[in-house]
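# structure of the sequence below:
(chains A and B)
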Amino acid sequence: MSEPTAMQDLLKAEGPAAVPGLGRPDRARSLWRDTWDILRHRKIFWVSLVMLVAFLLMAAFPTLFTHKNPEYATLAKSMEGPSADAWFGYDLQGRDVFARTIYGARTSIIVGVLATLLTVLLGGVAGVLAAYYSRWLDSVLSRVGEMFLGVPYVLGAIIILGTVAPAQSSPDKVTIMAVVIVVLAVLGWPILMRIARSAVIQAKHQDYVQAARALGAGPGRIIFRHILPNSLAPILVYSTITIGSYIGAEATLSLLGIGLRAPVISWGIAIADHTSYIRTGAHALFFPAAFLSLCVLTFVMLGEAVRDALDPKLR
Amino acid sequence: MTEVLSEHVGSGSAGGALLEVEDLHVEFRTRAGVAKAVNGVTYSVDAGRTLAVLGESGSGKSVTAQTIMGILDMPPGRITGGEIRFRGVDLLKLPEDQRRKIRGEGISMVFQDALSALNPVFPVGWQIAEMFRMHRGTSRSDARKKAVELMDRVRIPAAKERVNDFPHQFSGGMRQRIMIAMAIALDPEVLIADEPTTALDVTVQAQIMGLLAELQRDSNMGLILITHDLGVVADVADEIAVMYGGRIVEKAPVHDLYRNPAHPYSKGLLESIPRVDLKGQELYAIKGMPPNLLEMPTGCAFHPRCPYRRDNCVTDVPPLYTISGTRGSACHYWREVIDDGSR
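Take a look at the predicted model:
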């Protein structure tokens, strides 16, 4: 029985180059294919993927996890501890902590993902333009980016949010989320610009870009077909990690009372509401904080797994 | 057949060759100073003819080619003078969008290292098809069919099955064939091959040179073959231009140069080829180092290494003396060099 399998293994090992006509077990061995092969064998990738799916389900279909209304308050049950009826207990206003934690995932993930997308858009466009056209445009964009980076993150956020949405005001859900997303992206794009810029500069000097130019490709085609696909890896890795850190940053701003605020349900707000009750009712603080940490961890782990798989030096 | 290498072509004259480079000057401004990479190069190529440009690293042969293609990085590069005429039109005066149309369609180029000259993230068939989609707006499926035809034409076995493979799945020779397929996809009138065989095995080199020669015959292209390997050019080239220090030091029909070089540098190159009949003797080598482009020697750039050196070589830049017809040598003492003959 072992004979034919050994033969097949041999054929597989020879690869398509050696046996062009025969069955081709590993067609299309591209960078992404290789990356996937490495990822498949990494525990950290599967762990973070399972957690990611769980969080995404929470965000998309909170009713799968709980039937309770996160807004429903029974003041009589204020700060009641965990029980069979309410797994995570009740918060200060007598609302179900489990339900609020589940519903909080949606806000955090929406803010994290959208802020990251906006960052990638701003930073990516700036980075590609700076690297591709270089000269004065590069200098101008790089210096502008440095000016933004020079502003400490939290301080910058306090100033902008304090002006646009002061702590006393109560903007509606969508507005405040949009404001927080824009603030995070506006303060975070220069880092992505640097990453995109260096990746594009590297790709730009590759022979295939010169070859494409010599065969008549214009700037658009060179950027979108030749440079971007070859400089996507670092941008992808950084973005994944950024989602996690933006979720943390959103919670920080909410904790400071200048980010998201009621009626939005978010982990950061839950933490902010209960920091002074840590000794009497730690459960109302612990569960949202734990979910927040796990969610940040999920994206950071996923980003690291992808980075390890994409980095040829670690292969 | 028209003259391929003419000394002084009247500018814009109707009788000019297909592609003419005239008195081209290119320099690079670096922190260390100005490097004069190309100092007045003049050559031309006609349909169906092959010009070999021979020279060592830093002789300016690739920079000239990049300038013709318009893919020189500027800055640091700067074209400080000269004309490049394609069908009588000076390319250096054309706006970028018109030059882009000429690239690939009119003048095309094959690069030295096909692995790095092919985009690693796209299948080779896609990359060949892209040529048609980009220049001709051919539909996806038609372009793909043409890609397979081209892969057949450059003799890639089982082209149909391999059209979706990525560059790294091919051997070096096959990759260079794909590069050639891309370069000839749109039937260019002039093909510049920049050291097309340098990265390949000797046996594969011969195949690729044979393929290039055959494609050139079939479609009557003008071919500029840039190389540092004398062995590669002998069978393929019609004319040869030897470059040194950013200048052409000798141009000649290929057999004249092999038989009897007229410049000490070409002579030195020929003499440093290992020969079976001189087995056991010490191999000849040109003494000294290639010139530093930042501090070019005065007079003739070759004088520090030249066995024929006299005093005026240090002070006077030799012009390209006409020897006969299309033959020229930039050596004050070319008569002596010719009289000495080759070893």
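
# go ahead and confirm residue A:252 touches residue A:161.
No - between residue A:252 and residue A:161 there is no contact under Cβ atoms under 8 Å: 11.4 Å. For the C-beta atoms, the positions are set from N, CA and C on the backbone; glycine is no exception.

# okay, and the common contacts of those two?
residue A:259 (Cβ atoms under 8 Å, 6 or more residues apart in numbering or on different chains).

# which helix or strand contains the spatially most central residue of chain B?
Nearest to the mean C-alpha position of chain B, by Cα atoms, centre = their mean, lies residue B:226 at 2.6 Å. Element membership of residue B:226 [criterion: DSSP states H and E] is strand B:222-227.

# now that strand - C-alpha only, PDB.
Extracted C-alpha coordinates of strand B:222-227, given in PDB (Å, rounded to 0.1, in the frame of the first residue of the first chain):
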ATOM      1  CA  GLY B 222      16.100  46.600 -35.000                       C
ATOM      2  CA  LEU B 223      17.900  45.000 -32.100                       C
ATOM      3  CA  ILE B 224      20.300  46.800 -29.600                       C
ATOM      4  CA  LEU B 225      22.100  44.100 -27.700                       C
ATOM      5  CA  ILE B 226      23.800  45.400 -24.600                       C
ATOM      6  CA  THR B 227      26.400  43.100 -23.100                       C
END
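
# what residue in chain B comes nearest to chain A?
Ranked by Cβ to the nearest Cβ, the top residue of chain B for proximity to chain A is residue B:104, at 3.4 Å.

# that residue - how many residues pack around it?
25 (other Cβ atoms under 10 Å in any protein chain shown).

# hmm, it is touching residue A:215, no?
Yes - counting by Cβ under 8 Å, residue A:215 is a contact partner of residue B:104 at 4.2 Å.

# give the residues shared as contacts by the two.
Common neighbours of residue B:104 and residue A:215 (Cβ under 8 Å, 6+ apart) are B:131, B:183.

# touching chain A at all, the helix ranked longest in chain B?
Longest helix in chain B by number of residues (criterion: DSSP state H): helix B:202-219. No - contact of helix B:202-219 with chain A (Cβ under 8 Å from any Cβ of the partner chain) is absent, the minimum separation being 14.3 Å.

# which of the residues in that helix are buried?
B:204-205, B:207-209, B:211-213, B:215-216 (16 or more other Cβ atoms under 10 Å in any protein chain shown).

# what is that helix packed up against?
helix B:172-184, strand B:190-194, strand B:222-227 (3 or more Cβ pairs under 8 Å, 6 or more residues apart in numbering or on different chains; DSSP states H and E).

# could you dump that helix to PDB, C-alpha only?
Only the C-alpha atoms of helix B:202-219 are listed here, as PDB (Å, rounded to 0.1, in the frame of the first residue of the first chain):
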ATOM      1  CA  VAL B 202      25.900  29.200 -20.700                       C
ATOM      2  CA  THR B 203      23.800  26.600 -22.500                       C
ATOM      3  CA  VAL B 204      20.600  28.600 -21.900                       C
ATOM      4  CA  GLN B 205      22.400  31.800 -23.000                       C
ATOM      5  CA  ALA B 206      22.900  30.300 -26.500                       C
ATOM      6  CA  GLN B 207      19.200  29.400 -26.700                       C
ATOM      7  CA  ILE B 208      18.000  32.800 -25.700                       C
ATOM      8  CA  MET B 209      20.400  34.500 -28.100                       C
ATOM      9  CA  GLY B 210      19.100  32.200 -30.800                       C
ATOM     10  CA  LEU B 211      15.500  33.000 -29.900                       C
ATOM     11  CA  LEU B 212      16.200  36.800 -30.000                       C
ATOM     12  CA  ALA B 213      18.000  36.500 -33.400                       C
ATOM     13  CA  GLU B 214      15.100  34.400 -34.800                       C
ATOM     14  CA  LEU B 215      12.400  36.800 -33.500                       C
ATOM     15  CA  GLN B 216      14.400  39.700 -35.000                       C
ATOM     16  CA  ARG B 217      14.600  38.000 -38.400                       C
ATOM     17  CA  ASP B 218      10.900  37.200 -38.400                       C
ATOM     18  CA  SER B 219       9.600  40.600 -37.600                       C
END
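
# adding distance to residue A:92, write the buried residues of helix B:202-219 out as JSON lines.
Below are the buried residues of helix B:202-219 laid out as JSON lines (distance: Cβ to Cβ, whole Å):
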{"residue": "B:204", "distance to residue A:92": "78"}
{"residue": "B:205", "distance to residue A:92": "81"}
{"residue": "B:207", "distance to residue A:92": "81"}
{"residue": "B:208", "distance to residue A:92": "78"}
{"residue": "B:209", "distance to residue A:92": "83"}
{"residue": "B:211", "distance to residue A:92": "80"}
{"residue": "B:212", "distance to residue A:92": "81"}
{"residue": "B:213", "distance to residue A:92": "86"}
{"residue": "B:215", "distance to residue A:92": "81"}
{"residue": "B:216", "distance to residue A:92": "84"}
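
# distance to residue B:158 and pLDDT for those - can I get that in JSON lines?
Below are the buried residues of helix B:202-219 laid out as JSON lines (distance: Cβ to Cβ, whole Å; pLDDT from 0 to 100):
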{"residue": "B:204", "distance to residue B:158": "18", "pLDDT": "83"}
{"residue": "B:205", "distance to residue B:158": "23", "pLDDT": "84"}
{"residue": "B:207", "distance to residue B:158": "17", "pLDDT": "84"}
{"residue": "B:208", "distance to residue B:158": "19", "pLDDT": "86"}
{"residue": "B:209", "distance to residue B:158": "23", "pLDDT": "86"}
{"residue": "B:211", "distance to residue B:158": "17", "pLDDT": "87"}
{"residue": "B:212", "distance to residue B:158": "22", "pLDDT": "86"}
{"residue": "B:213", "distance to residue B:158": "24", "pLDDT": "87"}
{"residue": "B:215", "distance to residue B:158": "20", "pLDDT": "87"}
{"residue": "B:216", "distance to residue B:158": "26", "pLDDT": "87"}
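
# residue A:252 and residue A:161: who's more crowded?
residue A:161 (20 against 17).

# check which helix or strand the closest residue to residue B:263 other than its chain neighbours maps to.
On the basis of Cβ to Cβ, 6 or more residues apart in numbering or on different chains, the spatially nearest residue to residue B:263 that is not a chain neighbour turns out to be residue B:250, at 4.0 Å. When elements are assigned from DSSP H and E, residue B:250 belongs to strand B:247-253.

# I appreciate the help and will end here.
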